[in-house]
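Chemist: 3D, please:
(4 chains)
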2 protein chains.
Amino acid sequence: MTIVDVARHAGVSTTAASKVLRNAYGASPAMRAKVQRAIEELGYRPYAAARGLRGQTYTIGVMLPDIRNPFFPEILDGLTDTLRDTDYHVLLGPSCDNEKDEGKLTDAMVDRGMDGLVLIAPVMSKARLEHLAKTIPTVVVGRHTRSSCYDTVTDDDTTGAALVVDHLADLGHRHIAHIEHHESDPARLAEMPNAVRADGYRKAMHARGLEPDIVSTTYTQEGGYLGARQILARPERPTAIFAGADIVAMGVLTALSEAGLSVPDDISLAGYDNTSFAALGPISLTSVDQAGHHIGTAAARLLLERIADRARPTARITLSPTLVPRRTTAPPH
Amino acid sequence: MTIVDVARHAGVSTTAASKVLRNAYGASPAMRAKVQRAIEELGYRPYAAARGLRGQTYTIGVMLPDIRNPFFPEILDGLTDTLRDTDYHVLLGPSCDNEKDEGKLTDAMVDRGMDGLVLIAPVMSKARLEHLAKTIPTVVVGRHTRSSCYDTVTDDDTTGAALVVDHLADLGHRHIAHIEHHESDPARLAEMPNAVRADGYRKAMHARGLEPDIVSTTYTQEGGYLGARQILARPERPTAIFAGADIVAMGVLTALSEAGLSVPDDISLAGYDNTSFAALGPISLTSVDQAGHHIGTAAARLLLERIADRARPTARITLSPTLVPRRTTAPPH
DNA sequence: GAAACTTTGGGTAACGTTGCCCACTGACGG
DNA sequence: CCGTCAGTGGGCAACGTTACCCAAAGTTTC
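Modeler: Purely as a prediction, here's the structure:
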């Protein structure tokens, strides 16, 4: 079942059938109707691989670091909602939390002729990102960086971290610990959202005259658990913990519960991302909302624009976070 | 950068280069070495779309109903772990929770020449599944059905539901409500995991001489919330709720907490799937473990076998669930 | 020592689609 | 009445890869 069959069935040339398929110039309304009918009668579907060989595949690749982090589906929803009415389809790579996996996945997506990529919080070097973006239209989500090759969508993580610190300090907390996602590469310290969040925390603490106290693990449930254990092993226990992501806060909750500490009576806890789990009744986690859905729609729009015009100057969209206070934060005793 | 460049650089024919690429018969060790070196020196990567035109794309498509449900990443991990050492890449479609979206996504995957599909708890009709499986090697996860066209991997949901009912009944509960994912199509009643789970609940209740009490919503957090509200509005409140999935239990928790009810003092709660959130300290949800990782590895293996031999008789793998009792279930007062 | 195989290499024609070109028609302006 | 032009339709050659074939040389078998 190919375009040739459609053309034959409609009694026109394959070229004409192709024009109709692509809504290209040079087909009369009568011709359009004839071909459309043939397509429907035959149940024809164009073969993306063959299209890819000649140009477009109508496929957008999305890479994200961790499918378990409930924040990312929000972004994804924004993306798919925006792309729903277009001819593009979204395909998602499996989680990749390190540079090697990221390289493999982006390579695989390039090999498959994707028309564009959305990279969510990638860890690869900026040089590699730019190299990639020169090959294929790319939107980078979360990296605080300006590039002439790719568009970016970020949330103001510095402000977000300050929102949390100010909230806790206003409640009366003086010793506020932070669990960050470890960032070793100095080149990326200023770019990665986790690093920026940690830096925002540090600055906000200093602005309040407070001493920062940072534990480095990862933005996972496991990381939160281990981070909290480290914090609890300190000689002096903090009165509040600012977890760099909600998923981290989930792990912290487990560790606190194991240690027989209650939240917020013994210790306050704040997260980041305002995921649906933060709103859960028995958890009711104070968190920072960074409007994942908007991030997704913005990324999709930027990508479509870039696919349409690869020479367009790059854009950088920054969204502002808001604090959502819930029951895990309270004045210290 | 094509295979022609590689061949020229290695001083051999494109056919020879292709043979090396595919590990095909008819290339001497010396030739292999020469071509391999050329590939590395040039940084060549084969273009999947062109390969697709001639046969394989080395891509496996995965469809799942809800990316927010933390059970599915377990299956996905099993899949990707198994496929890591092969030439295949996994691409995931965005969540699709209805027949129309499923159709669109599977069409898109077929259009893109995927070598195989893994469909997790699809809702489409059996006829459509079989039609699809005739076009492309397919493994169906979760559907309790035997087919001559596709392999299946399922968990014994009847037993799983009985585990929960027996556990609660043993604790002394007599009025145990169940929140199910609504299934209207009679043809699928016997196939869908949610329907089988509900049926297992019904049978286990009868076996215990208890009266089933079922509320139909969806397997989402929202569904759990709404289902619990319905249950709480009853004249006589049950002493225990069996949520058909952990994600449903999360929504139930919110509703219970809003109603000022404490778990398990006022009401016991059990989930299904044993997701990482169930283990969370402050939640500590009694749940049923269905070994998602194993499901994923089994599905991957079956798919690889089917790709290798499309005529092989279809297999059906059934795994057994286990109960994981935690703190949300206790004897009624 | 001839016939039959095996090994190694390469030539060629697809796979399904689209971009680029050209040809024809009828209409319009000078 | 001729030149120009928009509108319409189709021919053809790619795109990058591989399956299928054939040829030459070497190896085995009887």
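Chemist: residues in contact with the nearest residue to A:L210 once chain neighbours are set aside?
Modeler: Of all residues not flanking A:L210 in the chain, A:R174 sits nearest, at 6.0 Å (CB to CB, 6 or more residues apart in numbering or on different chains). Every C-beta, even on glycine, is put in place using the N, C-alpha and C of the backbone. Residues counted as contacts of A:R174 (CB atoms under 8 Å, 6 or more residues apart in numbering or on different chains) are A:L210, A:T239, A:P332.
Chemist: any chance of a ChimeraX selection covering the buried ones in these?
Modeler: The ChimeraX selection below is limited to those of the contacts of A:R174 classed as buried (16 or more other CB atoms under 10 Å in any protein chain shown):
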select /A:210,239,332
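Chemist: what residues sit buried inside the lengthiest helix in chain A?
Modeler: Longest helix in chain A, counting residues (DSSP state H): helix A:292-308. The neighbour-count check on helix A:292-308 (16+ other CB under 10 Å) flags A:292-304, A:306-307 as buried.
Chemist: mind listing what's buried along the helix or strand containing A:D101?
Modeler: Assigned by DSSP states H and E, A:D101 belongs to helix A:99-111. Burial within helix A:99-111, assessed by neighbour count using 16+ other CB under 10 Å, is assigned to A:D101, A:E102, A:L105, A:T106, A:A108, A:M109, A:V110, A:D111.
Chemist: what's the closest of the contacts of A:R174 to DNA strand C?
Modeler: A:L210 (59.5 Å; CB to the nearest atom of the strand).
Chemist: where do the helices of the stretch 151-300 of chain A begin and end?
Modeler: Here the stretch 151-300 of chain A has its helices, by DSSP state H, counting those that start in this stretch, at A:157-171, A:193-207, A:221-232, A:246-258, A:292-308.
Chemist: before we move on, the earlier item: next helix or strand past the longest helix of chain A?
Modeler: Downstream of helix A:292-308, the first helix or strand assigned by DSSP H and E is strand A:316-319.
Chemist: flag every buried residue along the helix or strand just after that following strand.
Modeler: Next along the chain after strand A:316-319, taking DSSP H and E as the criterion, comes strand A:322-324. Across strand A:322-324, burial judged by 16+ other CB under 10 Å covers A:L323, A:V324.
Chemist: over to stretch A:13-28?
Modeler: Neighbour count says stretch A:13-28 has A:A16, A:A17, A:S18, A:K19, A:V20, A:L21, A:A27 buried, by 16+ other CB under 10 Å.
Chemist: and that stretch, anywhere near DNA strand C?
Modeler: Yes. Applying CB under 7 Å from any atom of the strand, one finds stretch A:13-28 touching DNA strand C at A:T14, A:T15, A:S18, A:L21, A:R22, A:A24, A:G26.
Chemist: between those residues, which sits nearest chain B?
Modeler: Checking the residues of stretch A:13-28 next to DNA strand C against chain B by CB to the nearest CB gives A:L21 as the nearest, at 12.5 Å.
Chemist: ok, that closest one - contacts?
Modeler: Contacts for A:L21 (CB under 8 Å, 6+ apart) come out as A:I3, A:V35, A:I39, A:P46.
Chemist: what do you get for A:A207?
Modeler: By CB under 8 Å, 6+ apart, the contact list for A:A207 reads A:A162.
Chemist: rewinding a little: turn the buried residues of stretch A:13-28 into JSON lines, columns for secondary structure and distance to A:L232.
Modeler: Formatted as JSON lines, the buried residues of stretch A:13-28 follow (DSSP: H, G, I helix; E, B strand; the rest coil; distance: CB to CB, whole Å):
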{"residue": "A:A16", "secondary structure": "helix", "distance to A:L232": "73"}
{"residue": "A:A17", "secondary structure": "helix", "distance to A:L232": "69"}
{"residue": "A:S18", "secondary structure": "helix", "distance to A:L232": "66"}
{"residue": "A:K19", "secondary structure": "helix", "distance to A:L232": "68"}
{"residue": "A:V20", "secondary structure": "helix", "distance to A:L232": "67"}
{"residue": "A:L21", "secondary structure": "helix", "distance to A:L232": "63"}
{"residue": "A:A27", "secondary structure": "coil", "distance to A:L232": "71"}
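Chemist: make CSV from the residues you listed and add pLDDT to it.
Modeler: Listed next are these as CSV, based on pLDDT from 0 to 100:
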residue, pLDDT
A:A16, 93
A:A17, 94
A:S18, 94
A:K19, 93
A:V20, 93
A:L21, 92
A:A27, 89
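Chemist: from those residues, which are also near DNA strand D?
Modeler: Contacts with DNA strand D within the buried residues of stretch A:13-28, as defined by CB under 7 Å from any atom of the strand: A:A16, A:A27.
Chemist: low-scoring stretches of chain A, by residue?
Modeler: Applying pLDDT under 70 to chain A flags no residue at all.
Chemist: and the helix holding A:D101, what other elements does it pack with?
Modeler: Packing contacts for helix A:99-111, counted by 3 or more CB pairs under 8 Å, 6 or more residues apart in numbering or on different chains; DSSP states H and E, involve strand A:59-63, strand A:116-120, helix A:126-135.
Chemist: now do that helix: distance to the chain's middle.
Modeler: Distance of helix A:99-111 from its chain centroid, counting by CA atoms, centre = their mean, to the nearest Å, is 17 Å.
Chemist: how far off strand A:116-120 does that helix point, in degrees?
Modeler: Computed with axes from the mean of the first three to the mean of the last three CA atoms, to 10 degrees, the direction of helix A:99-111 lies at 160 degrees from that of strand A:116-120.
Chemist: helix A:99-111 near DNA strand D at all?
Modeler: No. Helix A:99-111 does not reach DNA strand D (CB under 7 Å from any atom of the strand); its nearest approach is 8.4 Å.
Chemist: may I have that helix as PDB, with CA atoms only?
Modeler: Provided in PDB are the C-alpha atoms of helix A:99-111 (Å, rounded to 0.1, in the frame of the first residue of the first chain):
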ATOM      1  CA  GLU A  99      26.200  11.900  29.800                       C
ATOM      2  CA  LYS A 100      26.800   8.600  28.200                       C
ATOM      3  CA  ASP A 101      23.200   7.600  28.000                       C
ATOM      4  CA  GLU A 102      22.200  11.100  26.800                       C
ATOM      5  CA  GLY A 103      24.700  10.800  24.000                       C
ATOM      6  CA  LYS A 104      23.400   7.400  23.000                       C
ATOM      7  CA  LEU A 105      19.800   8.600  23.000                       C
ATOM      8  CA  THR A 106      20.400  11.800  21.100                       C
ATOM      9  CA  ASP A 107      22.400   9.900  18.600                       C
ATOM     10  CA  ALA A 108      19.600   7.400  18.200                       C
ATOM     11  CA  MET A 109      17.200  10.300  17.700                       C
ATOM     12  CA  VAL A 110      19.400  11.900  15.100                       C
ATOM     13  CA  ASP A 111      19.800   8.600  13.300                       C
END
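Chemist: the inter-axis angle of that helix versus strand B:59-63?
Modeler: Using the same axes, to 10 degrees: helix A:99-111 against strand B:59-63 is 100 degrees.
Chemist: can you list contacts of helix A:99-111?
Modeler: With contact meaning CB under 8 Å, 6+ apart, helix A:99-111 is reached by A:61, A:63, A:93-94, A:96, A:117, A:119, A:122-125, A:128, A:132, A:135-136, B:45-48, B:89.
Chemist: out of these, which touch DNA strand C?
Modeler: Applying CB under 7 Å from any atom of the strand to these, none is adjacent to DNA strand C.
Chemist: who's in contact with the closest residue to A:V35 other than its chain neighbours?
Modeler: Spatial nearest neighbour of A:V35, excluding adjacent residues (CB to CB, 6+ apart): A:V20 at 4.0 Å. Going by CB under 8 Å, 6+ apart, A:V20 touches A:A27, A:M31, A:R32, A:V35, A:Q36, A:I39.
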